[in-house]
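>>> model the following, please.
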Amino acid sequence: MTLLHALWDVSAPAKINVFLHVVGRRADGHHLLQSLFVLIDWADTLHFERRGDARLHRHDLSVALPADDLCLRAARALQAASGTTYGADISIAKQVPWGAGLGGGSSDAASTLLALNRLWGLNWSRGQLHALGLTLGADVPFFIGGDNAWVEGIGERLTPVAVPEQTFALIKPAVSIETRAVFSHAQLVRDTPRAILESFGEDELLRIIAPAGGVSWGHNDLQAVAELLHPEVREAAALLQSRYGNSRMSGSGSVVFARVASGAEPTRVQDGELPQGWVTKVCRSLPQHPLRDWIRDEEMQD
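Numbering: from 1, shown residues only. So this is what the prediction gives:
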């Protein structure tokens with residue numbers, strides 16, 4: 001087999017949590033979740049060049065990333081687990097903000113695993129990468145799975161869900177929220193009743209992604225704590241609620257989103273309406289991950 005020498009313009013899309021319920025806690029302290037993850041077209045772009053000396057180097061093309069980010073950790077983990085003698089130069093054009101609840105770092109790690117699996121000629125299955133990804137972070141398996149999904153457990157149990165194309169308006173306040181601070185807070189609700197995916201018909205499932213002005217199902221259990229720690233999250237949610245008739249925080253981060261009615265183009269929030277450092281973006285959902293077909297399927301490992 002002829003090995004590739006480089007892969008350019010590799011996409012690492014973000015996701016939103018349409019809802020996020022904390023339904024319990026394991027003995028080891030990890031929280032048990034239920035959520036609907038939907039891929040969106042806000043993405044980082046990565047470039048990979050194969051090295052023959054086993055060295056791994058990261059190059060930041062936009063913002064400076066931490067010295068030991070998830071991409072390097074993912075590359076080292078795959079290198080060690082596979083026993084390959086190859087290395088890589090990894091260049092990252094970062095667009096998805098950190099601490100936003102959009103899974104940007106986890107998506108970068110997943111795209112790194114998918115790209116290096118191809119670049120190094122490893123031919124690992126989706127199940128193998130899924131198991132390795134879970135050791136890096138709870139959101140990584142979702143991006144390796146490649147489909148919009150109903151997510152359970154600590155992030156390892158994925159049920160693909162077909163989501164009609166949606167448009168979302170997003171606001172990210174200047175603050176970036178640390179996941180640990182939210183999950184460790186004494187006021188976090190940890191006993192939301194479990195929902196059963198099979199109980200949702202197609203029409204009921206669409207209620208989870210409610211149209212503007214509609215009544216949505218579910219909530220984000222982390223939002224009340226995030227708003228308590230950072231009132232600007234509440235301000236962003238109120239702004240979207242007033243404009244689009246719905247709003248919700250994504251994940252454990254500071255981004256708040258609103259669904260815009262199908263067929264309607266949202267009116268962008270003008271920069272002058274936002275405090276300094278806030279970012280607004282209009283995104284569309286993706287039917288699947290751009291790298292979905294880069295890997296062979298095999299039963300995923302729990």
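>>> now the helices for the stretch 101-250 of the chain?
Listed in chain order, the helices of the stretch 101-250 of the chain (DSSP state H, counting those that start in this stretch) span 104-119, 126-134, 140-145, 179-183, 202-208, 223-229, 231-244.
>>> got JSON lines for these, with distance to Glu49 and mean pLDDT too?
All C-beta spots, glycine's among them, are computed from the backbone N, C-alpha and C. Converted to JSON lines, the helices of the stretch 101-250 of the chain look like this (distance: least, CB to CB, whole Å; pLDDT from 0 to 100):
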{"stretch": "helix 104-119", "distance to Glu49": "8", "mean pLDDT": "97"}
{"stretch": "helix 126-134", "distance to Glu49": "21", "mean pLDDT": "95"}
{"stretch": "helix 140-145", "distance to Glu49": "22", "mean pLDDT": "96"}
{"stretch": "helix 179-183", "distance to Glu49": "32", "mean pLDDT": "89"}
{"stretch": "helix 202-208", "distance to Glu49": "41", "mean pLDDT": "64"}
{"stretch": "helix 223-229", "distance to Glu49": "39", "mean pLDDT": "95"}
{"stretch": "helix 231-244", "distance to Glu49": "39", "mean pLDDT": "92"}
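>>> mind putting the ones you listed into TSV with mean neighbour count?
Compiled in TSV, those are given as follows (neighbours: other CB atoms under 10 Å):
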stretch	mean neighbour count
helix 104-119	27
helix 126-134	23
helix 140-145	27
helix 179-183	15
helix 202-208	14
helix 223-229	20
helix 231-244	19
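>>> in a markdown table, list the ones you listed along with distance to Arg284.
Shown next, in a markdown table, are the helices of the stretch 101-250 of the chain (distance: least, CB to CB, whole Å):
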| stretch | distance to Arg284 |
| --- | --- |
| helix 104-119 | 16 |
| helix 126-134 | 25 |
| helix 140-145 | 18 |
| helix 179-183 | 26 |
| helix 202-208 | 16 |
| helix 223-229 | 23 |
| helix 231-244 | 15 |
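>>> out of these, which gets nearest to Thr167?
Nearest to Thr167, of all the helices of the stretch 101-250 of the chain, is helix 231-244, at 10.2 Å by CB to CB.
>>> please tell me how far that closest one is from the chain's geometric centre.
21 Å (CA atoms, centre = their mean, to the nearest Å).
>>> other SSEs contacting that helix?
Contacts defined by 3 or more CB pairs under 8 Å, 6 or more residues apart in numbering; DSSP states H and E place helix 231-244 against strand 167-172, helix 223-229, strand 248-249, strand 256-260.
>>> list the contacts of the second one.
Identification of contacts with helix 223-229 by CB atoms under 8 Å, 6 or more residues apart in numbering yields 177, 181-182, 185, 187-189, 233-234, 237, 248-249, 252-254.
>>> end to end on stretch 83-97, go ahead and measure it.
One end of stretch 83-97 to the other measures 33 Å (CA to CA, to the nearest Å).
>>> so which bits of it are buried?
By neighbour count on 16 or more other CB atoms under 10 Å, the buried set for stretch 83-97 is Thr84, Tyr86, Gly87, Ala88, Ile90, Ser91, Ile92, Ala93, Lys94, Val96, Pro97.
>>> surely Ser247 is in contact with Val255?
No - counting by CB atoms under 8 Å, Ser247 stays clear of Val255, with 10.8 Å between them.
>>> neighbour-wise, which of those two wins?
Val255 (29 against 21; other CB atoms under 10 Å).
>>> so what's the backbone phi/psi at the more buried one?
Phi and psi for Val255, reported as degrees, to the nearest 10, are phi -70, psi 130.
>>> pretty sure it contacts Gly103?
No - the pair Val255 / Gly103 is not scored as a contact, 10.5 Å apart, by CB under 8 Å.
>>> what's the domain layout of the chain?
If you go by automatic domain parsing, the domain ranges for the chain are 6-161, 167-284.
>>> returning to what we had before: and which of the contacts of helix 223-229 is nearest Arg50?
Closest to Arg50 out of the contacts of helix 223-229 is Gly253 (33.3 Å), distances taken as CB to CB.
>>> quick one on the thing from earlier: go through the buried residues of stretch 83-97 and flag which are in strands.
Judged by DSSP state E, the subset of the buried residues of stretch 83-97 located in strands is Gly87, Ala88, Ile90, Ser91, Ile92, Ala93.
>>> tell me which element Gln34 is part of?
When elements are assigned from DSSP states H and E, Gln34 belongs to strand 31-51.
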